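[1] Using only what follows, build the 3D model:
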Amino acid sequence: MTRTQAERRASTQAKLLDATVEALVGVGYAGTSTTEICRRAGVSQGALFRYWPTKGELLADAAAHLLGRVTTAYEQAFAGRGGVGAREALEALWETYRQPDLQAAVELYVAARTDQELATALARIEPAHRANLQRIATQVMDPALVALPGFAPFVELALAAVQGASIGAAVVDTSHDVILDALERLVEPRK
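    Predicted coordinates for the structure are as follows:
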């Protein structure tokens, strides 16, 4: 069966996005050149620049691609379930951030501190990603927790704490139980 032009284009873009994530995980931000990405994807640089005029745009789309996959995996962990307690949701979030692919996102967010083009491109995708995470938390967590006045800030705090701990874990192996216990007590203080 012959693929259409649109199917070939989508396949090439997916290869390039996957190769970008692989490069970020494998050689870090500093080693993720367009040459390295194209080598991993098995396509020419001309193909890459046909879809992304700048490396920053490619990296932002790779982050959106990756975060979409990670968010879907987190959501599927609770498929068909509601009423999940804070601890179970936090443990799943921790496990999500321990996945090697998510280190690609960490690489990008750290690099954005000094790369203004990348920071601008990531700022374009971040609001939708945060809104999606809030939506998932609202759907899967216990309605009594969701009804708390500080629920949305709690989700943001949990994300920030787990993200920070996952970055720090590369240097110091801190027990995640301490962090998760403290977060859990914020919304379920009697435990």
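[2] which of the residues in the longest helix belonging to the chain are buried?
    Longest helix of the chain, by residue count under DSSP state H: helix 5-31. Residues 12-13, 15-25, 29 are the ones in helix 5-31 that count as buried (16 or more other Cβ atoms under 10 Å). All C-beta atoms are positioned from the backbone trio N, CA, C, and that covers glycine.
[3] Tell me where the model's unsure across this structure.
    169-170, 173-174, 189-191 (pLDDT under 70).
[4] ok, now how distant is the residue sitting nearest the centre point of it from Leu118?
    Geometric centre of the chain, nearest residue: Leu67, 3.4 Å, by Cα atoms, centre = their mean. According to Cβ to Cβ, to the nearest Å, Leu67 stands 15 Å off from Leu118.
[5] picking that back up, what's the first helix or strand after the longest helix of the chain?
    Going down the chain from helix 5-31, the next helix or strand is helix 34-41, by DSSP states H and E.
[6] send the alpha carbons of that following helix over as CSV?
    Provided in CSV are the C-alpha atoms of helix 34-41 (Å, rounded to 0.1, in the frame of the first residue of the first chain):
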residue,chain,number,x,y,z
THR,A,34,20.6,19.0,14.5
THR,A,35,23.3,16.7,12.9
GLU,A,36,22.9,14.3,15.8
ILE,A,37,19.1,14.4,15.6
CYS,A,38,19.1,13.7,11.8
ARG,A,39,21.6,10.9,12.3
ARG,A,40,19.4,9.2,14.8
ALA,A,41,16.3,9.8,12.7
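[7] so which helix or strand takes in Gly56?
    Per DSSP H and E: helix 55-77 holds Gly56.
[8] Please identify the buried residues of that helix?
    Quick answer for helix 55-77 (16+ other Cβ under 10 Å): 55-67, 69-71, 74-75, 77.
[9] What residues does Asn132 make contact with?
    Thr71 (Cβ atoms under 8 Å, 6 or more residues apart in numbering).
[10] ugh, typo on my part, it should be Glu156
    Contacts of Glu156 (Cβ under 8 Å, 6+ apart): Arg130.
[11] what's the helix or strand for it?
    Per DSSP H and E: helix 151-168 holds Glu156.
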